[in-house]
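> 3D model of this:
(one chain, ligands or ions: 1)
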Amino acid sequence: MQIQNIPSVLQSQREFFNAYLTRDLDFRIEQLKTLRKAILAYEDQLYEAFRTDLGKSKFEVYETEIGLVLEEAGRHIHKLHQWAKPLKTGTNQVLHFWSKSRIYKEPFGLVLIMAPWNYPFQLLINPLIGAVSAGNCVALKPSELTPAIAGVMEEMITRFFDPRYISIFNGDVETSKALLREKWDHIFFTGSPAVGRIVMESAARNLSPVVLELGGKSPCVVDADADLKVAASRITWGKFLNSGQTCIAPDYLFVHTSVKDELLRLMSNKIIQYFSAHPKESSDYPRIVSEEKTQRLAAFLGQGKVICGGEVNIHDRYIAPTILDGIGPGDPVMQEEIFGPILPVMEFSDIEEVIRFINSNPKPLALYYFSEDKARQDAFIAKTSSGGACINDVITHIANPNLPFGGVGNSGMGQYHGQFSFDTFSHHRSVLSKSTRVDIPVRYPPYKGKFRLLKMLLR
Ligand code: NAD
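Reported below is the predicted structural model:
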């Protein structure tokens with residue numbers, strides 16, 4: 001859909017929404033089934049497009065994009081009737097005699113979903129599932145930095161869905177800006193904190209509610225008593241998945257001095273085990289999204305001591321899986337989200353220093369702690385804050401739909417996945433329904449002689 005069509009498409013979407021079709025739960029379930037069918041029909045084209053834009057393997061595409069989305073759609077199809085039931089809640093019968101109270105989940109109306117480029121499919125389609133399941137009409141804005149994938153998604157959506165119901169606008173930042181000038185009933189944005197601020201300012205003009213799924217630096221801490229072999233396997237996997245272009249990737253490593261050398265040795269071996277001694281040749285190791293972003297990452301490589309990796313090929317958008325030791329909090333690599341396959345390492349001898357450092361920085365999207373001691377694990381969680389966290393693992397909290405996914409503070413606001421998505425895209429409407437058989441007159445004026453009774457009732 002072209003930028004100049006935005007106002008007319010939105011007008012037709014509003015009319016479609018006002019015809020009440022999306023209020024019907026069976027209609028929504030049919031649409032979710034259609035979405036599953038559409039994804040399966042375009043599965044092969046998606047694999048190809050991912051190879052073009054990000055050099056990503058079929059396994060990783062299914063693991064982190066397609067499989068995740070199919071599973072989410074299946075969950076909404078099975079659970080929607082249960083989630084959408086009005087929720088009965090208690091009513092104080094002294095204050096509200098002969099009343100019932102219910103919370104209805106109703107759709108907002110027109111929803112805008114904007115996605116980034118790093119997981120360009122699931123970060124657009126996963127929120128779409130929540131928006132559809134909650135009964136909204138949706139406009140989608142894929143990232144312009146992954147054009148092959150955006151092209152396949154545009155073809156898929158326009159072939160399978162009525163544009164009055166779900167529309168998709170491919171285009172550059174001007175398209176994003178034009179969309180943000182419109183009036184939305186809800187905006188769901190995934191991207192950088194800088195653009196998140198722009199989105200929130202635009203939303204404020206119409207008092208549109210927003211969910212902001214942002215990023216930042218997610219710390220990973222390995223304590224002296226951690227299981228180092230397991231930590232090395234999991235951290236190496238999580239850091240270099242999608243070549244480090246993951247919002248919840250461990251951004252940097254804090255490791256206890258007593259185990260640092262051993263952990264870094266194990267991690268260097270893991271890199272070879274996962275991607276061979278020549279990761280450039282491995283079909284399992286993705287590329288950076290653009291030459292410009294490869295150049296930005298390459299500039300970090302002059303800092304600290306390279307423990308492994310360090311090779312760069314700008315034209316091939318390649319940065320080797322790299323571990324940088326001897327980094328301090330003041331180094332440039334510690335000043336911004338890395339968002340690439342470079343892991344700076346700092347060491348500590350007192351965990352309280354680490355906690356102070358984390359708490360003196362913006363609240364991260366994710367936080368990871370490795371230790372075998374339950375009391376230390378509990379203390380670490382209790383003394384810090386982040387969107388989500390894992391103990392003795394990285395990334396995997398995102399893959400449990402019973403856990404809400406989202407940020408806090410600088411890493412965002414609002415949450416989704418599973419039932420949390422349905423709730424996020426629904427207005428929770430309170431309805432108190434009262435019998436007319438009895439009408440107790442205490443609340444009506446004149447109030448003379450009723451004050452003591454009021455104080456007895458409300459305290
Ligand atoms: P981005 O903020 O640059 O772009 C995201 C979207 O915003 C794109 O669709 C783009 O068209 C639009 N946009 C860009 N500039 C704009 C402007 N000036 N006005 C209006 N719209 C504009 O983010 P990105 O580079 O695509 O993604 C990287 C960031 O996203 C990282 O910070 C990462 O941590 C974060 N991220 C967060 C999550 C999460 O779930 N919390 C997931 C993935 C990525």
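
> pLDDT-wise, which helix or strand of the chain ranks last?
helix 451-457 (a mean of 92; mean pLDDT, DSSP states H and E).

> Mind listing what's buried along that helix?
When burial is assessed from 16 or more other CB atoms under 10 Å, helix 451-457 yields no buried residues. From N, CA and C alone the C-beta is placed, and that goes for glycine too.

> Tabulate the CA atom coordinates of it in PDB.
Taking Å, rounded to 0.1, in the frame of the first residue of the first chain, the C-alpha atoms of helix 451-457 are listed here in PDB:
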ATOM      1  CA  PHE A 451     -23.400  11.700  57.400                       C
ATOM      2  CA  ARG A 452     -22.900   9.300  60.200                       C
ATOM      3  CA  LEU A 453     -24.400   6.500  58.100                       C
ATOM      4  CA  LEU A 454     -22.100   7.400  55.200                       C
ATOM      5  CA  LYS A 455     -19.100   7.300  57.600                       C
ATOM      6  CA  MET A 456     -20.100   3.900  58.800                       C
ATOM      7  CA  LEU A 457     -20.500   2.500  55.300                       C
END
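
> what does that helix contact?
By CB atoms under 8 Å, 6 or more residues apart in numbering, the list of residues contacting helix 451-457 from outside reads 94-95, 442, 447.

> Could you give the number of residues near the one residue in the chain that gets nearest to the ligand?
Going by CB to the nearest ligand atom, the ligand is nearest to Gly215 of the chain, at 1.9 Å. Using other CB atoms under 10 Å, Gly215 has 28 other residues around it.

> Is stretch 190-200 positioned near the ligand?
Yes. Using CB under 6 Å from any ligand atom, stretch 190-200 reaches the ligand at 190-192, 195, 198.

> now do stretch 104-112
No. Using CB under 6 Å from any ligand atom, stretch 104-112 never reaches the ligand; the gap is at least 10.6 Å.

> Is Leu212 in a helix, a strand, or coil?
strand (DSSP: H, G, I helix; E, B strand; the rest coil).

> which residues touch it?
Taking CB under 8 Å, 6+ apart, we find Leu212 in contact with 189, 196, 199-200, 407, 412-414.

> follow-up on the earlier one: in TSV: the contacts of helix 451-457, plus neighbour count and secondary structure.
TSV is the format used below for the contacts of helix 451-457 (neighbours: other CB atoms under 10 Å; DSSP: H, G, I helix; E, B strand; the rest coil):
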residue	neighbour count	secondary structure
Val94	10	coil
Leu95	12	coil
Val442	10	helix
Tyr447	10	coil
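
> Out of those, which one has the lowest pLDDT?
Note: of these, the lowest pLDDT belongs to Val94, at 85.

> Grab the nearest non-local neighbour of it.
Among residues not flanking Val94 along the chain, Leu457 sits closest, at 6.4 Å (CB to CB, 6 or more residues apart in numbering).

> picking up where we left off before, the residue of the chain closest to the ligand reaches Ala249, doesn't it?
No. Gly215 lies out of contact with Ala249 (CB atoms under 8 Å); the separation is 9.7 Å.

> Identify the contacts common to these two.
By CB under 8 Å, 6+ apart, the residues touching both Gly215 and Ala249 are Phe339.

> what pLDDT does Ile103 get?
Looking at Ile103, its pLDDT reads 98.

> secondary structure element for it?
Ile103 is located in strand 99-107, with elements delineated by DSSP states H and E.

> Mind listing residues that contact the helix or strand following that strand?
Counting by DSSP H and E, the next helix or strand C-terminal to strand 99-107 is strand 110-114. For strand 110-114, contacts defined as CB under 8 Å, 6+ apart pick out 10, 13-14, 17, 124, 127-128, 131, 136-141, 176, 179-180, 182-191, 199, 425.

> Off-centre distance for strand 110-114?
How far strand 110-114 lies from its chain's middle: 15 Å, per CA atoms, centre = their mean, to the nearest Å.

> I'd like the average pLDDT over that strand.
Mean per-residue pLDDT for strand 110-114: 98.

> what do you get for stretch 419-438?
97.

> hang on, the earlier thing: you'd agree the residue of the chain closest to the ligand is in a strand?
No. Using three-state DSSP, the assignment for Gly215 is coil, not a strand.

> check contacts around it.
Gly215 neighbours (CB under 8 Å, 6+ apart): 191-193, 247, 337, 339, 365, 411.

> got a pLDDT number for it?
Reading off the model, Gly215 has pLDDT 93.

> Return the subset of the contacts of strand 110-114 lying in helices.
10, 13-14, 17, 124, 127-128, 131, 176, 179-180, 199 (DSSP state H).

> Present the residues you listed as JSON lines; the columns should include neighbour count.
Output for these, formatted as JSON lines (neighbours: other CB atoms under 10 Å):
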{"residue": "Leu10", "neighbour count": "20"}
{"residue": "Gln13", "neighbour count": "23"}
{"residue": "Arg14", "neighbour count": "16"}
{"residue": "Phe17", "neighbour count": "22"}
{"residue": "Leu124", "neighbour count": "25"}
{"residue": "Pro127", "neighbour count": "27"}
{"residue": "Leu128", "neighbour count": "29"}
{"residue": "Ala131", "neighbour count": "30"}
{"residue": "Ser176", "neighbour count": "22"}
{"residue": "Leu179", "neighbour count": "21"}
{"residue": "Leu180", "neighbour count": "21"}
{"residue": "Val199", "neighbour count": "22"}
